[in-house]
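S.K.: Pasted the sequence and its predicted model underneath.
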Amino acid sequence: MRGNRSAETSPEVALRSELHRRGRRFRKHHQPIPGLRCRADLVFAGARVAVFVDGCFWHRCPEHGTEPRTNSDYWEAKLERNVARDRRNDVALKAAGWSVVRVWEHDSPQRAADIVEAALSRTR
């Protein structure tokens, strides 16, 4: 489990590089709302946009998510808790006036950056 990174993943770094290349500036691994146990992968504080790069396994991607065959009871509960936590955080952030963007790790950096930029343009 130590090898499973929660930050600085390849898809996240690729998205950051693409957004930076496009001239976007952001904070990384930042807590958008003080007191909420949630750190977004990218935060555009001025525009109030929080971006999460979700892993297909950990967040149950409908296209690429897999079901573990060993210790399946544990993993089923664990992955369900991850998804439920994501939904709770989305609701809390939206209630506080934030826009939430979730992209999957399998999205290309260009496509993910387009989605983020679309969200940023909607907030202006």
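M.R.: It's in.

S.K.: CA atoms for contacts and neighbours, from now on please.
M.R.: Noted.

S.K.: And the helices in the chain, which stretches?
M.R.: Secondary structure of the chain by DSSP state H: the helices cover 10-21, 72-95, 109-123.

S.K.: Out of the ones you listed, which is the most enclosed?
M.R.: Sort these by mean neighbour count, taking mean count of other CA atoms under 10 Å, and helix 10-21 sits at the top with a mean of 18.

S.K.: for that one, the distance to its chain's centre please.
M.R.: 13 Å (CA atoms, centre = their mean, to the nearest Å).

S.K.: Need the contact partners of it.
M.R.: Here helix 10-21 makes contact (CA atoms under 8 Å, 6 or more residues apart in numbering) with 25, 41, 42, 53, 105, 106, 109, 110, 112, 113.

S.K.: do stretch 92-101 as well
M.R.: By CA under 8 Å, 6+ apart, the list of residues contacting stretch 92-101 reads 32, 33, 48, 49, 50, 51, 52, 90, 115, 116, 119.

S.K.: Just flag the most distant two among those residues.
M.R.: Farthest pair in the contacts of stretch 92-101 (CA to CA) is 33 and 115. Separation: 22.2 Å.

S.K.: and the helices of the chain as TSV, adding distance to residue 57 and mean pLDDT?
M.R.: Output for these, formatted as TSV (distance: least, CA to CA, whole Å; pLDDT from 0 to 100):
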stretch	distance to residue 57	mean pLDDT
helix 10-21	14	96
helix 72-95	8	95
helix 109-123	18	96
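
S.K.: Out of the ones you listed, the one nearest residue 61 is which?
M.R.: Smallest distance to residue 61 across the helices of the chain (CA to CA): 10.0 Å, for helix 72-95.

S.K.: what distance separates that closest one from the centre of its chain?
M.R.: Relative to where its chain is centred, helix 72-95 has its mean C-alpha point 12 Å off (CA atoms, centre = their mean).

S.K.: Then stretch 7-26?
M.R.: Using CA atoms, centre = their mean, the offset of stretch 7-26 from its chain centre is 12 Å.

S.K.: how long is it from one end to the other?
M.R.: End-to-end distance for stretch 7-26, by CA to CA, to the nearest Å: 15 Å.
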